[in-house]
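Chemist: model the following, please.
(chains A, B and C)
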Amino acid sequence: MTATDGGRDLVRCVEVARTYGRGAAAVVAIHAMSCVVPPAARVAVTGPSGSGKSTLLHLLAGLDRPSAGTIEWPGLGGDPVDRPGTVGFVFQGPSLLPPLDVSENVELPLLLAGFAASEARERSSQALAMVDAVELAGRLPEELSGGQAQRVAVARVLACRPRLILADEPTGQLDAGHRDQVVRALIESAAHLGASLVVATHDVAVANQLSTQWQMRDGRLTCAEEPARVPHQAFYPVSDPGESC
Amino acid sequence: MLTLTWIRGLTGMRAGRLAGATVGIAIAVALLAALGSFLGSSRATMTTRSVQQVAVDWQVEVQPGTPAASVMRAVNADPRVSRAMPVGYATTTGLQATAGGTTLTTGAGKVLGLPASYATTFPGEIRFLTGSRDGVLLAQQTAANLHAAPGDRISLGRAGLPPVTVRVDGIVDLPQADSLFQTVGAPVGAQPTAPPDNVVLMPQDRWHQVFDPVAKARPDQVRAQVHARTRHNLPPDPAAAYAVVTGAAHNLEARLAGGGLVGDNLAATLDSARQDASYAQLLFLFLGVPGAVLAGLLTGIVTASGADRRRAEQALLRARGANSSQLLRLAVAEAVLVGVVGSAAGLGIAALVGRLAFGSAAFGSTAGASTVWAAVSVAIGLLVAIATVAWPARRDLRASTVMAARQPVALRRRPRWMRYGLDIWLLVAFGLAFWATSSNGYQLVLAPEGVPTISVSYWAFAAPALLWAGAGLLAWRLVDLLLREGRPVLSVALRPLAGPLSGTVAATMSRQRRLLARTVVLVMLAVAFAASTATFDATFRQQAEVDAQLTNGADVTVTAPPTATTSPARASTLAAIPGVAKVGALQHRYAYIGPDLQDLYGIDPHTLGRQVRLQDAYFAGGTAKDLLGRLARQPDAILVSAETVHDYQLHPGDLIRLRLVEARTHRQLVVPFHYVGVVKEFPTAPKDSFFVTNASYVARRTGNPVVGEFLLTTDGTPPTTVAQRVRSTLGPNAQVSDIQTTRAVVGSSLTAVDLSGLTKVELSFAIVLAASATGLLLLLGFAERRRTFALLRAIGARPNQLAALVRSEVSLVAVLGAVLGAAAGWGLAAVLVAELAGVFDPPPDSLAVPWRYLAVVAFIGLICTIAAGVRAVSTARRPALEVLRDL
Amino acid sequence: MTAGTTLEARELYRFYRAGDEETHALRGTSVAVDAGEVVVVTGPSGAGKSTLLACLGGLDEPDAGTVFLNGVRLSHRPEQERAAARARGIGVLFQSGNLLPHLTVTGNVQLVQRLVRGGARQRPADVLHAVGLETRGHARPGELSGGESARAGLAVALANGPRVILADEPTGELDATTEAGVLELLRAEADRGCAIVIASHSPAVAAAGDRVIRLELGRIVGEARP
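Modeler: Sure, this is the predicted structure:
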C-alpha cells in the first residue's frame, strides 16, 4: 500500500494539550503530546475510560481545538473544518439524524460538501453497498438495530471518500457478531479508499485487528506498538513516548 | 423528606426549565388578575359616573288625601336624603300668545311650581337658555311653538277657571324632561312615550296663587311631588348600588304608608349601569380568557419539552421500587412549586400593572372582591401547573409495568382528534352557535327594569370559544397536511433559503411536523389574540367616537337660540374662524305629522356629505350616499324614522303632508313631501322620531331660510379650542358645544365601559404572548435539537448551512403563524363584534383595523423570531462538546 | 426449589408486538439463582437477556410462566406490590442512566432510601464508602467519570440492602480495569448473601460468574461453570 500525496502525513500534532474549565476546576484531558498519522495508517487508540481517547480523536478531526500546541493537516491541505468530506468520523452512539431515512442520512454530508443531488445519490448507494446495507436505504434510524445503524454511519463516512477515518468506540454498544461486521466494514473501506484509519476502543478484539496500537493513560501516550506481523506499516511518535509497555 | 430531597435537586439543577414554566403561569395569573383590576376599577367608576348624571334622585309623589307637608317631613327624615323640596305639577288646558297681530295657541301642557333654590339644588334639571333665571320660564319648544320671547305675555288656560296671563321672563331647556314628567308608580310600559310639548316653570308662590283654586275645583289637575337628593355613598359596583338604592326607596315608601310613591330615578340609572357592568364582565370573558388559555398552553409546551426526561426519571424511580403515590407526590410537589411561585409572581405583576394602568393595586372593587379575584387567579395558576406538570406524570403512571413506562410515547399515529375530525365538528358547532346567538331577538344581557337580577347569556361565549378551538385545530391539520403531503412544494419553496439543502430541510420538517405544527399553532393563536383584541378595541373606540359624534353632530356644533333668526350666510363667518375646516348648516324646525310634533332637519344633500361625517348605519335601506342622492334628485323628498313609517303605514313614494310654521304669518302651513327612505340617526337629532329633508325646499315653502345649527369640522385643532373661538366670535347668546366635552358627558351606556385600561393590559399581554410564543417555542425547538446540530456540524455542515436550516424553519413558522393568525384574528374580531353588538351604539359599518399596533406586534414577533434563530445558529456554530462526548 | 434459592423463574414466555411483526423475546426460559450466587447471562443482542432480567425484577410481566422471589410469587401481581418488593429486596443496575441527573450522588442514594418507610438502613456515607466513592458524595452525576458513574449506580442499587441484584450490561462502557472493580464489588455483595444476575456479552464478566447461562432467541442453549 503506497501513500498518496507524496506520502505527506495526514495529521501532525506537536505538544498538543487540551484542558477543560479554568482555574482550580480545570481538568486536563490531554497533556502535551505529539503524534503523527501517516498515510494508510491503521491505528488503534486504547486505554481506560477517561484517558483522553475521545478528546484526541476530536482534536484530530478538528471538532475541538487544542488549549496549547499545534495541529496541522499537511496531507489534507488544511483544517478539515474548512474541507468538509476530507475527514470522516464514526461515533460511539447513534449518530444518524432521526428525521432522515438511511439514504438521506448518507447523502447529507455530500450535499453539505456541495455535491449535486444526483451524484450524492449515486455515491450513497455505492457506500451502502460497501457496508452491505443496500436493503436498509428507505428505513428511518429508529427502525434499525444498533449494528445496522453503525454500519450506516460507516457508509455515511465512506460516501465522502475521506482521506482520514476516525472512529470513537464504534463497537461499544454492540455484541461480538455485530462488532466484527462493523470493524470489517471500517478496515475494508479504508483499504478501498486508501484512507488512514484511527479507532479508539477498549475492546482488545478490535484493537488486535489494527496494525498500530497507541496506548493512553491520564491524557498521555504511554506506549506505541507496531505489531511485527505488519512490518511495512509506518509509525513514529515524534517525541519519545516515555516508559515502554 | 422524599419530596424535599427531590425539590432541592430540581431547584438546583433544573432552574431554567422550572423558570420557563413559572413564567408561563405568571403570565396567565397576571393576565387574569389584571383583568380583575380592570373589572373592579371600571365598575367602581361606573356607579360614580352614572350617579353624576341624575339630576333628581327621587321624585316622591304625594298621593291624594295625604297632606304634602307630612310627606315632606317623612322624606326629610330619611337618613339617605340630603336635601328635599316640594314641587307642584299642574295641567294647563292650553297656552296662548299674541304676536304681530297673530294669536298662536297650543294644546295642553304642564305648569311646574318650583322653590327658589330648585335650580341650584338640582343642577342638571334646568338649563337656562335666554332671559332671566327667575320668574316664569318657558321650555324651549313651547317658546318656539308660541313664538314667544322673554318679555312677551302668554295666557295659561285653567280647567274650569278663567285663564291667567303671565309675563315670560326666560327660556329654558329641560334635558331630563323624561324623568321629570314620569308617571310615578306606573310600570315601564305605561310611561308616557314623550314628555309634554308645552311646559311652563313658575316660582312656587305664584304657582300656588294660580293653581290652588284649580286644586280645589279639579283635584285631578294638580299634583304635588317632593324632589329629593340622596347621599351618594354607594357601593362601587352598580349592581350592588342598585340593590341599596332600591331597598332604601322601598323603605321610604313603607314608612309613607301609602301616602307617597317614590319615582326612583337613581335606581333607574343604576339599572342600566349594572347592565353595562355585565357587558364589562362579558368583555373580560371574551377578550381576556383566550390570553390566559394561551399562556396556559405555552406553559404546557415548556413543560412538555421536559416530558421525555421526566418519563425516564419516573421509570428509573419505579425500577427502584417507588410506588405510584410516591411518584405522584413528587410530580405534584413540582407542580405546586411552579404553580405557587408562578402565581405569586403573576399577582405581583398584576398589582404593578393595576397601579400603572388603573391607579390601583387591588384586583377588585372591594377588599372581598380583591381576595376572590386573587384567589381565583391563583387557583387557575395552580390548575395550569397541575395540568401541565403533574397530569402527564399521572398518565405515565398508568403503564402497568416499568418496561411499558420506559417505552417512548408512540408519536407515529395521527392524534385522535384529527382522525375523528374534531376541528371540523368544532367549526360546525361554531356555525350553529353563531347563528343562534347573532340572529334577531337574541339578547346577550337581559336586565329587566326594576328587577334586581340580571340574566347574562353566557352561551354567547360558546361561539367565539368554538371558533378559537376549531380554528386552532384546523390550522394544526393544515400545517400537518402541508408538511406531510406538500414535501415537494416545500422543497421548492425553501430553495431560496436553503439552497441545495432544501430537499433535506423539507424532509426534516416533514418528519418533525408535530413539533412544527404545534409551534405554528401557538404562534397563530398568539397573533390571533393580539389581532382580535386590538381590532375589537379599535372598533369599539371608533363607535364610541361615532356615538359622541352623533350626539354632538360634529366636532363643534353651534345652535342658534330658538328665537334668533340666523341666516345661512353666517356659515362664512364661521368658516373664517381659525381651526375650522368645514361648515355644514342644518335647518332645524318642528313639523306636525297628524297630531305628532317631530323635529325636522333641512339639509343640502349636495354638500352635507362632504361637510359632515355621515355613517351608513344612520340610514336604513341604503348607504348614506344613496339616501342623500335620493334627496338631491327630488326636492320634496323626505327621510322618515322607522317608527313613523310603521305608525303611519308609509310606503316609498307616499305623499306626506306636514304642517310647518310659515315665516310671515306665523300660521301653520301644509307642505307636501314624498317619503323616499328611512333615517335612524342623524347628527344632533333626538333618539326618537324626526325628519330629514331638503333645506331649500323647506325655505321656499315656508319663506324662511333660517338655519338652526351649524356643524363645524376642525382642521385638527382641538375642538374645545375651536369652540372657545366660536363662542368669542358669536357672543354669549350662541350655544356652542364640542365633541370632547360631549364625549365626557355622553359616557352613559357605551363609553361607561372604560376600555382604555383593559386595552392597555390586553394589548401589552398580547405582545408578551406573541413574543414568547415565537421566541420561546423556537428556542425550545432548537434546544431539543442541540444534538442534531452538533451532529450536522460533526459531519461537515458549515455555519452558514446550519443558518440556512434555522432560517428555513423560522421563516416557515413565522409566515404560517402570521398568515393563519391574521385570518383567525380577523374572524374572531368579526364574531366578537357581532356577538357583542349590544355594546355598540350605533353598530359599526366595518371593523376598524389598528394597523399601527399590529405592526408593532409583527415587529416584536419578528425580532423574537430572528433572535431565536440567531441564538440557535451561534450555539450551533461550535458543536457543543458535551453533546459530542455523548455521541 | 432448593432451600437456598432466592430467585426463580419457571417457564417464562414473553412476546412483543411491533406493527405486524411479533418478537418472541423469551420462550420457556427457566432459571434459579441461589443466595450468594453470581449468574451471568450471555448471548447475542436480541437474545432476550434484558427481557429476562426485567421479568426477574418485576419490571416486566411475562406473558406466561411465574417468577418467585424468596419463594413468594412476584409475577402477575399488581404493580404496587411488585414495586414494594423491588423497593425492599431488589437492586437494579443498568448500563447507563442509573442516576437522577439533578441530584447529587448522596441525594440519589438518599432518595432511593426514602422510598422505603422505616426499616434499618445504612447511612448514605457508608453506602458510598462501600463502593469507594466516599469523597464524591457532593458531585452531580454529570461531573463523574465513567468508572465513578458505574460505582455510583451500584451504590444506588445497594442503597436499601437488597437480597437480589440484577445488572444489565453493567460494564458495557467500561474499560477492563474499571470493569474488574465493579465485578469485585458485586462479588462482595454475593459473599454477603446476595443473589446476583448479570446480563453481559463481556468475556471478563462471564469469567467472574459462578455460573454462565447462554441465551439464544429466548431459549437457554447452554450452561457452564467457569
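
Chemist: contacts and neighbour counts: CA atoms only from here.
Modeler: Fine.

Chemist: quick one, helices of the chain?
Modeler: Because you didn't say which chain, this covers chain A. All helices of chain A, identified by DSSP state H, fall at A:53-61, A:102-112, A:117-130, A:146-159, A:176-193, A:204-207.

Chemist: was after chain C, sorry
Modeler: C:49-56, C:79-89, C:105-114, C:124-130, C:146-158, C:176-191, C:203-208.

Chemist: pipe those helices into a markdown table and attach distance to chain B and mean pLDDT per row.
Modeler: Shown next, in a markdown table, are those (distance: least, CA to the nearest CA, whole Å; pLDDT from 0 to 100):
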| stretch | distance to chain B | mean pLDDT |
| --- | --- | --- |
| helix C:49-56 | 7 | 90 |
| helix C:79-89 | 4 | 87 |
| helix C:105-114 | 6 | 89 |
| helix C:124-130 | 13 | 88 |
| helix C:146-158 | 8 | 87 |
| helix C:176-191 | 18 | 88 |
| helix C:203-208 | 23 | 87 |
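
Chemist: what's the closest of the ones you listed to B:Val136?
Modeler: helix C:105-114 (94.1 Å; CA to CA).

Chemist: return the residues in contact with C:Ala155.
Modeler: Listed by CA atoms under 8 Å, 6 or more residues apart in numbering or on different chains, the contact set of C:Ala155 reads C:109, C:127-128, C:130-131.

Chemist: and of those, the nearest to A:Leu112?
Modeler: Looking across the contacts of C:Ala155 and measuring by CA to CA, the closest to A:Leu112 is C:Val109, at 46.8 Å.

Chemist: coming back round to it: for PyMOL, write the select line for the buried members of the contacts of C:Ala155.
Modeler: Of the contacts of C:Ala155, the buried ones go into a single PyMOL selection, burial set by 16 or more other CA atoms under 10 Å in any protein chain shown:
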select buried, chain C and resi 109+127+128+130+131
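
Chemist: B:Pro86 belongs to a strand?
Modeler: Yes - assigned with DSSP: H, G, I helix; E, B strand; the rest coil, B:Pro86 falls within a strand.

Chemist: quick one: the residue nearest to the spatial centre of chain A from A:Leu186, how far?
Modeler: Chain A has A:Leu166 as the residue nearest its centroid, 0.5 Å off, counting by CA atoms, centre = their mean. A:Leu166 sits at a distance of 10 Å from A:Leu186 (criterion: CA to CA, to the nearest Å).

Chemist: B:Ala249 too?
Modeler: 99 Å.

Chemist: more neighbours: these two, which one.
Modeler: A:Leu186 (27 against 21; other CA atoms under 10 Å in any protein chain shown).

Chemist: need the contact list for the more buried one.
Modeler: A:154, A:197.

Chemist: what do you get if the cut-off is 10 Å, keeping everything else the same?
Modeler: Neighbouring residues of A:Leu186 by CA atoms under 10 Å, 6 or more residues apart in numbering or on different chains: A:90, A:130-131, A:151, A:154-155, A:157-158, A:165-167, A:170, A:180, A:192, A:197-199.

Chemist: buried among the residues you listed? Make that a ChimeraX selection.
Modeler: Buried members of these, defined by 16+ other CA under 10 Å, are picked up in ChimeraX with:
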select /A:90,130,131,151,154,155,157,158,165,166,167,170,180,197,198,199
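
Chemist: near chain C too, which of the contacts of A:Leu186?
Modeler: Contacts with chain C are made by none of the contacts of A:Leu186, judged by CA under 10 Å from any CA of the partner chain.

Chemist: center of chain C - which residue?
Modeler: C:Leu166 (1.3 Å).

Chemist: was I right to think C:Gly57 contacts C:Arg88?
Modeler: No - contact criterion CA atoms under 10 Å: C:Gly57 and C:Arg88 do not qualify, at 11.8 Å.

Chemist: list residues touching both of those two?
Modeler: B:320, C:164.

Chemist: what about these two, which has more around it?
Modeler: A direct count of neighbours by other CA under 10 Å for C:Gly57 and C:Arg88 places C:Gly57 higher, at 29 against 21.
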